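Enquirer: Below: sequence and its predicted model.
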Amino acid sequence: MHDVIVVGAGPSGSSSALFLTRRGLDVLIIEKKRLPRYKVCAGGTSRYIFELLDVPPECFDAFSIEKVKVCYGDRVKEYNLPSNSIFTLHRDQFDYRLTQLACQGGAKLVEGEETIGIEEENGSLTVKTNLGHKFRGRYLIGADGIGSKVARFIGGRFNYRVPLAIQKDIPYRNPEPAISLFMGLVSMGYGWIFPKNNTLSIGLGAYAFSPKKMPEVLSRLLKDFDHRDIPILAHPIAFYRGKKKLATRNIILVGDSAHITDPFSGEGIRNAVKSAKIAEETILECIKKNRPLSIYTEKLYSIMARELFLAWMISGVFYRFQDKIFNLMDRFDMGTILSNLLNEKTSYSQLLKKLLRIIPFGLL
(Lines give C-alpha, C1' and ligand atoms only; values in the text may rest on other atoms or scores of the structure.)
Protein backbone atom coordinates (compact mmCIF):
# COMPACT_ATOMS: atom_id res chain seq x y z
CA MET A 1 0.00 0.00 0.00
CA HIS A 2 1.28 3.46 -0.93
CA ASP A 3 1.42 6.36 1.52
CA VAL A 4 -0.05 8.73 -1.09
CA ILE A 5 -1.67 8.26 -4.49
CA VAL A 6 -1.66 11.34 -6.73
CA VAL A 7 -4.24 11.40 -9.54
CA GLY A 8 -2.90 13.63 -12.32
CA ALA A 9 0.62 14.64 -13.36
CA GLY A 10 0.06 18.33 -14.08
CA PRO A 11 1.88 21.05 -12.13
CA SER A 12 -0.04 20.46 -8.89
CA GLY A 13 0.14 16.66 -9.03
CA SER A 14 3.78 16.34 -10.05
CA SER A 15 4.77 19.03 -7.51
CA SER A 16 2.89 17.20 -4.77
CA ALA A 17 4.71 13.98 -5.64
CA LEU A 18 8.07 15.75 -5.72
CA PHE A 19 7.54 17.41 -2.33
CA LEU A 20 6.32 14.23 -0.66
CA THR A 21 9.03 11.93 -2.01
CA ARG A 22 11.61 14.39 -0.66
CA ARG A 23 10.05 13.77 2.75
CA GLY A 24 10.46 10.03 2.40
CA LEU A 25 6.87 9.03 1.60
CA ASP A 26 5.91 6.27 -0.83
CA VAL A 27 4.07 8.06 -3.65
CA LEU A 28 2.26 6.72 -6.73
CA ILE A 29 1.26 9.03 -9.60
CA ILE A 30 -1.56 7.97 -11.94
CA GLU A 31 -1.76 9.95 -15.20
CA LYS A 32 -4.36 9.21 -17.87
CA LYS A 33 -2.11 10.30 -20.76
CA ARG A 34 1.39 9.18 -21.66
CA LEU A 35 4.03 11.76 -20.86
CA PRO A 36 5.06 14.11 -22.27
CA ARG A 37 1.62 15.18 -23.43
CA TYR A 38 0.45 18.49 -24.87
CA LYS A 39 -1.50 20.88 -22.64
CA VAL A 40 -3.20 24.08 -23.79
CA CYS A 41 -1.65 26.77 -21.60
CA ALA A 42 -0.22 30.23 -22.18
CA GLY A 43 2.55 29.08 -19.86
CA GLY A 44 3.33 32.29 -18.02
CA THR A 45 4.73 32.06 -14.50
CA SER A 46 7.29 33.55 -12.12
CA ARG A 47 10.56 32.85 -10.37
CA TYR A 48 8.51 32.24 -7.22
CA ILE A 49 7.50 28.74 -8.36
CA PHE A 50 11.09 27.68 -8.96
CA GLU A 51 11.95 28.85 -5.46
CA LEU A 52 9.05 26.80 -4.06
CA LEU A 53 10.18 23.75 -6.04
CA ASP A 54 13.84 24.38 -5.19
CA VAL A 55 14.66 23.66 -8.84
CA PRO A 56 16.25 26.29 -11.15
CA PRO A 57 14.35 27.60 -14.21
CA GLU A 58 17.03 26.14 -16.49
CA CYS A 59 15.92 22.64 -15.50
CA PHE A 60 12.65 23.29 -17.36
CA ASP A 61 14.08 25.20 -20.31
CA ALA A 62 12.12 28.23 -19.08
CA PHE A 63 12.07 31.30 -21.34
CA SER A 64 12.90 34.53 -19.51
CA ILE A 65 10.67 37.53 -20.28
CA GLU A 66 12.16 41.03 -20.32
CA LYS A 67 9.18 43.24 -21.21
CA VAL A 68 5.41 43.39 -21.16
CA LYS A 69 3.52 45.29 -23.87
CA VAL A 70 -0.05 46.36 -23.19
CA CYS A 71 -2.07 47.14 -26.31
CA TYR A 72 -5.40 48.92 -26.75
CA GLY A 73 -6.38 49.40 -30.37
CA ASP A 74 -3.39 50.99 -32.09
CA ARG A 75 -1.89 52.25 -28.83
CA VAL A 76 0.90 50.34 -27.10
CA LYS A 77 2.45 50.86 -23.69
CA GLU A 78 5.71 49.06 -22.97
CA TYR A 79 7.14 48.23 -19.55
CA ASN A 80 10.41 46.61 -18.54
CA LEU A 81 10.33 43.66 -16.15
CA PRO A 82 12.84 42.99 -13.38
CA SER A 83 15.51 40.59 -14.62
CA ASN A 84 14.62 36.88 -14.47
CA SER A 85 11.35 37.49 -12.64
CA ILE A 86 8.82 36.29 -15.24
CA PHE A 87 9.13 33.18 -17.40
CA THR A 88 7.14 31.16 -19.91
CA LEU A 89 7.05 27.38 -20.12
CA HIS A 90 5.99 24.65 -22.51
CA ARG A 91 3.58 22.74 -20.31
CA ASP A 92 4.34 19.35 -21.85
CA GLN A 93 8.03 19.77 -21.00
CA PHE A 94 7.40 21.32 -17.59
CA ASP A 95 4.97 18.63 -16.39
CA TYR A 96 7.15 15.84 -17.76
CA ARG A 97 10.32 17.16 -16.14
CA LEU A 98 8.59 17.66 -12.78
CA THR A 99 7.28 14.10 -12.91
CA GLN A 100 10.74 12.82 -13.81
CA LEU A 101 12.22 14.62 -10.80
CA ALA A 102 9.58 13.06 -8.54
CA CYS A 103 10.31 9.60 -9.96
CA GLN A 104 14.05 10.11 -9.54
CA GLY A 105 13.28 10.80 -5.89
CA GLY A 106 11.40 7.53 -5.53
CA ALA A 107 7.85 8.14 -6.78
CA LYS A 108 6.25 5.54 -9.05
CA LEU A 109 4.39 6.47 -12.21
CA VAL A 110 1.47 4.73 -13.88
CA GLU A 111 0.73 6.49 -17.18
CA GLY A 112 -1.85 5.89 -19.88
CA GLU A 113 -4.48 4.85 -17.31
CA GLU A 114 -7.49 6.91 -16.30
CA THR A 115 -8.95 6.85 -12.82
CA ILE A 116 -12.58 5.73 -13.07
CA GLY A 117 -13.44 4.88 -9.47
CA ILE A 118 -12.43 5.38 -5.87
CA GLU A 119 -13.37 3.19 -2.91
CA GLU A 120 -12.84 3.98 0.76
CA GLU A 121 -12.61 1.20 3.33
CA ASN A 122 -10.97 0.66 6.74
CA GLY A 123 -8.90 3.84 6.60
CA SER A 124 -7.45 3.22 3.14
CA LEU A 125 -8.38 4.04 -0.44
CA THR A 126 -8.54 1.95 -3.57
CA VAL A 127 -8.21 3.68 -6.94
CA LYS A 128 -9.55 1.83 -9.98
CA THR A 129 -8.39 2.55 -13.54
CA ASN A 130 -9.92 2.00 -16.96
CA LEU A 131 -7.48 -0.87 -17.56
CA GLY A 132 -8.85 -2.81 -14.63
CA HIS A 133 -5.98 -2.13 -12.23
CA LYS A 134 -6.45 -1.31 -8.56
CA PHE A 135 -4.05 0.68 -6.38
CA ARG A 136 -4.29 1.12 -2.62
CA GLY A 137 -3.11 4.09 -0.64
CA ARG A 138 -3.45 5.75 2.73
CA TYR A 139 -4.04 9.21 1.30
CA LEU A 140 -5.21 10.52 -2.08
CA ILE A 141 -4.44 13.82 -3.81
CA GLY A 142 -6.85 14.91 -6.53
CA ALA A 143 -4.81 16.75 -9.17
CA ASP A 144 -6.93 15.74 -12.15
CA GLY A 145 -7.91 19.18 -13.36
CA ILE A 146 -11.01 21.26 -13.76
CA GLY A 147 -13.36 18.30 -14.35
CA SER A 148 -11.87 16.38 -11.43
CA LYS A 149 -13.34 12.95 -10.71
CA VAL A 150 -11.76 13.13 -7.27
CA ALA A 151 -13.60 16.41 -6.56
CA ARG A 152 -16.90 14.79 -7.53
CA PHE A 153 -16.14 11.81 -5.30
CA ILE A 154 -15.71 14.01 -2.19
CA GLY A 155 -18.71 16.20 -3.04
CA GLY A 156 -16.72 19.31 -3.93
CA ARG A 157 -19.28 20.95 -6.24
CA PHE A 158 -18.10 23.90 -8.30
CA ASN A 159 -21.50 24.74 -9.74
CA TYR A 160 -20.79 28.03 -11.46
CA ARG A 161 -20.03 29.15 -14.98
CA VAL A 162 -16.44 28.44 -15.99
CA PRO A 163 -14.66 31.02 -18.20
CA LEU A 164 -13.20 29.85 -21.50
CA ALA A 165 -9.85 30.45 -23.20
CA ILE A 166 -8.83 29.60 -26.77
CA GLN A 167 -5.32 29.48 -28.17
CA LYS A 168 -3.02 28.56 -31.05
CA ASP A 169 0.62 27.59 -30.57
CA ILE A 170 2.60 28.74 -33.59
CA PRO A 171 6.21 27.71 -34.35
CA TYR A 172 8.29 30.88 -34.35
CA ARG A 173 12.08 31.00 -34.28
CA ASN A 174 13.81 33.32 -31.79
CA PRO A 175 10.79 35.31 -30.56
CA GLU A 176 11.28 38.63 -28.80
CA PRO A 177 11.29 38.10 -24.99
CA ALA A 178 8.20 40.26 -24.53
CA ILE A 179 4.67 39.32 -23.50
CA SER A 180 1.91 41.23 -25.32
CA LEU A 181 -1.46 41.75 -23.61
CA PHE A 182 -4.43 43.04 -25.63
CA MET A 183 -7.18 45.01 -23.92
CA GLY A 184 -10.49 46.05 -25.43
CA LEU A 185 -10.92 42.96 -27.60
CA VAL A 186 -13.57 41.27 -25.46
CA SER A 187 -15.70 42.26 -22.50
CA MET A 188 -14.35 40.97 -19.19
CA GLY A 189 -11.22 39.42 -20.69
CA TYR A 190 -8.06 39.97 -22.70
CA GLY A 191 -5.91 38.58 -25.49
CA TRP A 192 -2.26 37.58 -25.35
CA ILE A 193 0.88 36.63 -27.21
CA PHE A 194 3.28 34.68 -25.00
CA PRO A 195 6.68 33.86 -26.49
CA LYS A 196 8.31 30.56 -25.56
CA ASN A 197 11.37 28.81 -26.92
CA ASN A 198 10.66 28.71 -30.70
CA THR A 199 6.92 29.15 -30.15
CA LEU A 200 4.28 31.87 -29.83
CA SER A 201 1.19 31.06 -27.79
CA ILE A 202 -1.55 33.37 -29.08
CA GLY A 203 -4.84 33.30 -27.25
CA LEU A 204 -7.91 34.93 -25.81
CA GLY A 205 -9.82 34.43 -22.56
CA ALA A 206 -12.93 36.00 -21.09
CA TYR A 207 -15.31 35.78 -18.14
CA ALA A 208 -18.37 36.68 -20.19
CA PHE A 209 -18.15 36.53 -23.97
CA SER A 210 -19.82 34.33 -26.57
CA PRO A 211 -17.62 31.28 -27.28
CA LYS A 212 -18.88 31.30 -30.88
CA LYS A 213 -17.45 34.79 -31.42
CA MET A 214 -14.07 34.11 -29.84
CA PRO A 215 -12.36 32.58 -32.95
CA GLU A 216 -13.29 35.67 -34.97
CA VAL A 217 -11.71 37.95 -32.36
CA LEU A 218 -8.64 35.71 -32.08
CA SER A 219 -8.12 36.02 -35.84
CA ARG A 220 -7.22 39.70 -35.31
CA LEU A 221 -4.22 38.64 -33.21
CA LEU A 222 -3.25 35.96 -35.72
CA LYS A 223 -3.42 38.06 -38.89
CA ASP A 224 0.36 38.57 -39.16
CA PHE A 225 1.25 34.89 -38.61
CA ASP A 226 1.07 31.74 -40.70
CA HIS A 227 -1.41 29.65 -38.73
CA ARG A 228 -3.61 28.01 -41.38
CA ASP A 229 -2.77 24.42 -40.47
CA ILE A 230 -2.78 24.96 -36.72
CA PRO A 231 -6.04 24.16 -34.91
CA ILE A 232 -7.65 26.41 -32.32
CA LEU A 233 -7.68 24.66 -28.97
CA ALA A 234 -9.99 25.63 -26.13
CA HIS A 235 -9.74 25.07 -22.41
CA PRO A 236 -11.83 26.09 -19.39
CA ILE A 237 -10.22 28.13 -16.62
CA ALA A 238 -10.64 27.04 -13.00
CA PHE A 239 -11.01 30.51 -11.47
CA TYR A 240 -11.61 30.90 -7.76
CA ARG A 241 -15.24 31.90 -7.02
CA GLY A 242 -15.50 31.31 -3.29
CA LYS A 243 -14.80 28.65 -0.70
CA LYS A 244 -15.69 25.03 -1.44
CA LYS A 245 -15.05 21.65 0.14
CA LEU A 246 -11.48 20.65 -0.74
CA ALA A 247 -10.78 17.75 1.61
CA THR A 248 -12.10 14.75 3.50
CA ARG A 249 -10.48 12.56 6.11
CA ASN A 250 -7.89 11.20 3.67
CA ILE A 251 -8.42 13.03 0.34
CA ILE A 252 -7.40 16.56 -0.72
CA LEU A 253 -7.68 18.61 -3.91
CA VAL A 254 -4.88 20.71 -5.41
CA GLY A 255 -4.45 23.01 -8.41
CA ASP A 256 -7.25 23.22 -10.95
CA SER A 257 -9.12 20.45 -9.12
CA ALA A 258 -9.52 22.96 -6.28
CA HIS A 259 -10.45 25.87 -8.63
CA ILE A 260 -7.74 28.26 -7.41
CA THR A 261 -6.52 29.88 -10.64
CA ASP A 262 -5.85 33.59 -10.14
CA PRO A 263 -9.04 35.44 -11.26
CA PHE A 264 -7.12 38.59 -12.25
CA SER A 265 -4.15 37.28 -14.23
CA GLY A 266 -5.55 33.89 -15.23
CA GLU A 267 -2.26 32.34 -14.10
CA GLY A 268 -2.65 28.87 -12.62
CA ILE A 269 0.83 27.33 -12.35
CA ARG A 270 1.82 29.39 -9.31
CA ASN A 271 -1.22 28.47 -7.24
CA ALA A 272 -0.96 24.86 -8.41
CA VAL A 273 2.56 24.55 -6.98
CA LYS A 274 1.60 26.57 -3.91
CA SER A 275 -1.34 24.27 -3.15
CA ALA A 276 0.96 21.26 -3.57
CA LYS A 277 3.24 22.73 -0.91
CA ILE A 278 0.29 23.21 1.43
CA ALA A 279 -0.78 19.62 0.70
CA GLU A 280 2.68 18.36 1.63
CA GLU A 281 2.65 20.24 4.93
CA THR A 282 -0.88 19.06 5.73
CA ILE A 283 -0.17 15.39 5.05
CA LEU A 284 3.00 15.41 7.12
CA GLU A 285 1.22 17.16 10.00
CA CYS A 286 -1.68 14.72 9.88
CA ILE A 287 0.62 11.70 9.83
CA LYS A 288 2.55 13.05 12.81
CA LYS A 289 -0.53 13.97 14.86
CA ASN A 290 -2.86 11.26 13.51
CA ARG A 291 -5.37 13.86 12.34
CA PRO A 292 -7.74 13.85 9.35
CA LEU A 293 -6.79 15.71 6.16
CA SER A 294 -10.03 17.70 6.38
CA ILE A 295 -8.01 20.51 8.01
CA TYR A 296 -6.54 21.16 4.54
CA THR A 297 -9.58 23.14 3.37
CA GLU A 298 -9.21 25.81 6.05
CA LYS A 299 -5.42 25.64 5.88
CA LEU A 300 -5.37 26.42 2.14
CA TYR A 301 -8.04 29.10 2.32
CA SER A 302 -6.41 30.78 5.33
CA ILE A 303 -3.32 31.27 3.16
CA MET A 304 -4.94 31.95 -0.22
CA ALA A 305 -8.63 32.93 0.03
CA ARG A 306 -8.25 36.63 0.84
CA GLU A 307 -5.86 37.25 -2.05
CA LEU A 308 -7.98 35.19 -4.45
CA PHE A 309 -11.12 37.10 -3.43
CA LEU A 310 -9.40 40.47 -3.89
CA ALA A 311 -8.05 39.34 -7.26
CA TRP A 312 -11.64 38.53 -8.24
CA MET A 313 -12.82 41.98 -7.12
CA ILE A 314 -10.01 43.79 -8.93
CA SER A 315 -10.63 41.83 -12.13
CA GLY A 316 -14.23 43.08 -12.11
CA VAL A 317 -13.02 46.69 -12.19
CA PHE A 318 -10.02 46.15 -14.45
CA TYR A 319 -11.86 44.29 -17.21
CA ARG A 320 -15.08 46.31 -17.02
CA PHE A 321 -13.30 49.65 -17.54
CA GLN A 322 -10.48 48.56 -19.86
CA ASP A 323 -10.24 51.79 -21.86
CA LYS A 324 -10.00 53.97 -18.76
CA ILE A 325 -7.65 51.61 -16.96
CA PHE A 326 -5.39 51.65 -20.04
CA ASN A 327 -5.23 55.44 -19.89
CA LEU A 328 -4.29 55.33 -16.19
CA MET A 329 -1.81 52.49 -16.52
CA ASP A 330 1.38 54.54 -16.51
CA ARG A 331 0.65 55.49 -12.92
CA PHE A 332 1.06 51.84 -11.94
CA ASP A 333 4.35 50.86 -13.65
CA MET A 334 2.68 47.69 -14.89
CA GLY A 335 5.94 45.83 -15.36
CA THR A 336 6.86 46.07 -11.70
CA ILE A 337 3.27 45.49 -10.54
CA LEU A 338 2.87 42.35 -12.65
CA SER A 339 6.24 40.97 -11.61
CA ASN A 340 5.64 41.66 -7.92
CA LEU A 341 2.15 40.15 -7.98
CA LEU A 342 3.27 36.92 -9.63
CA ASN A 343 6.31 36.69 -7.37
CA GLU A 344 4.17 37.49 -4.30
CA LYS A 345 6.17 40.57 -3.39
CA THR A 346 3.05 42.71 -3.73
CA SER A 347 -0.36 41.64 -2.46
CA TYR A 348 -3.72 42.29 -4.08
CA SER A 349 -4.74 44.26 -1.00
CA GLN A 350 -1.85 46.66 -1.68
CA LEU A 351 -2.86 46.91 -5.35
CA LEU A 352 -6.48 47.54 -4.38
CA LYS A 353 -5.43 50.49 -2.20
CA LYS A 354 -3.65 52.00 -5.21
CA LEU A 355 -6.71 51.45 -7.40
CA LEU A 356 -9.03 53.09 -4.87
CA ARG A 357 -6.87 56.21 -4.83
CA ILE A 358 -7.28 56.53 -8.60
CA ILE A 359 -10.74 55.13 -9.43
CA PRO A 360 -12.89 57.99 -8.02
CA PHE A 361 -11.12 60.50 -10.28
CA GLY A 362 -10.39 58.35 -13.33
CA LEU A 363 -13.45 56.16 -13.66
CA LEU A 364 -16.45 57.54 -11.85
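Expert: That came in fine, so what should we check first?
Enquirer: how far out from the middle of the chain is the helix ranked longest in the chain?
Expert: Across the chain, the helix with the greatest residue count (assigned by DSSP state H) is helix 295-320. Here helix 295-320 is found 14 Å from its chain centre; the criterion is C-alpha atoms, centre = their mean, to the nearest Å.
Enquirer: Could you name the helices and strands sitting against the helix or strand following that helix?
Expert: Sequence order places helix 322-328 as the next helix or strand after helix 295-320, per DSSP states H and E. Applying 3 or more C-beta pairs under 8 Å, 6 or more residues apart in numbering; DSSP states H and E, one finds that helix 322-328 makes contact with strand 67-72, strand 178-183, helix 348-362. To be clear about C-beta, it is placed using only N, CA and C from the backbone, and glycine gets the same treatment.
Enquirer: pLDDT below threshold where in the stretch 101-250 of the chain?
Expert: Along the stretch 101-250 of the chain, segments meeting pLDDT under 70 span 159-161.
Enquirer: Excluding chain neighbours, what is closest to residue 35?
Expert: residue 96 (4.7 Å; C-beta to C-beta, 6 or more residues apart in numbering).
Enquirer: How much space separates that neighbour from residue 34?
Expert: From residue 96 across to residue 34, the span is 10 Å (C-beta to C-beta, to the nearest Å).
Enquirer: Using TSV, please lay out the helices and strands packed on helix 322-328 together with distance to residue 281 and mean neighbour count.
Expert: Below are the helices and strands packed on helix 322-328 laid out as TSV (distance: least, C-beta to C-beta, whole Å; neighbours: other C-beta atoms under 10 Å):
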stretch	distance to residue 281	mean neighbour count
strand 67-72	33	19
strand 178-183	32	20
helix 348-362	23	14
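Enquirer: just to revisit the earlier point, which one of residue 96 and residue 34 is surrounded by more residues?
Expert: Counting neighbours by other C-beta atoms under 10 Å for residue 96 and for residue 34 shows that residue 96 has the greater number, 17 against 9.
Enquirer: Name the SS class of that one, please.
Expert: What DSSP: H, G, I helix; E, B strand; the rest coil gives for residue 96 is helix.
Enquirer: you'd agree it is up against residue 33?
Expert: No: Residue 96 lies out of contact with residue 33 (C-beta atoms under 8 Å); the separation is 10.6 Å.
Enquirer: Show me the beta-bridge partners of residue 80.
Expert: Counting by DSSP bridges, residue 80 is bridged to residue 67.
Enquirer: What values do phi and psi take at the residue most central in space within the chain?
Expert: Centroid check for the chain by C-alpha atoms, centre = their mean gives residue 268 as the closest residue, at 1.5 Å. Backbone geometry at residue 268, expressed as degrees, to the nearest 10, gives phi -110, psi -20.
Enquirer: how near is it to residue 72?
Expert: According to C-beta to C-beta, residue 268 and residue 72 sit 25 Å apart.
Enquirer: which residue packs closest to residue 114, ignoring adjacent ones?
Expert: In space, and not counting its chain neighbours, residue 114 is closest to residue 32: 3.8 Å by C-beta to C-beta, 6+ apart.
Enquirer: Tell me, how many residues neighbour that neighbour?
Expert: The local packing of residue 32 (other C-beta under 10 Å) involves 20 other residues.
Enquirer: what's the distance between it and residue 354?
Expert: 43 Å.
Enquirer: and if you look at residue 339?
Expert: Separation of residue 339 from residue 354 (C-beta to C-beta) stands at 15 Å.
Enquirer: element containing residue 192, please.
Expert: strand 189-196.
Enquirer: Distance from the helix or strand that that strand is followed by to the middle of the chain?
Expert: For strand 189-196, the succeeding helix or strand toward the C-terminus, using DSSP H and E, is strand 199-206. Centroid displacement of strand 199-206 relative to its chain, using C-alpha atoms, centre = their mean, is 15 Å.
Enquirer: Thank you, goodbye.
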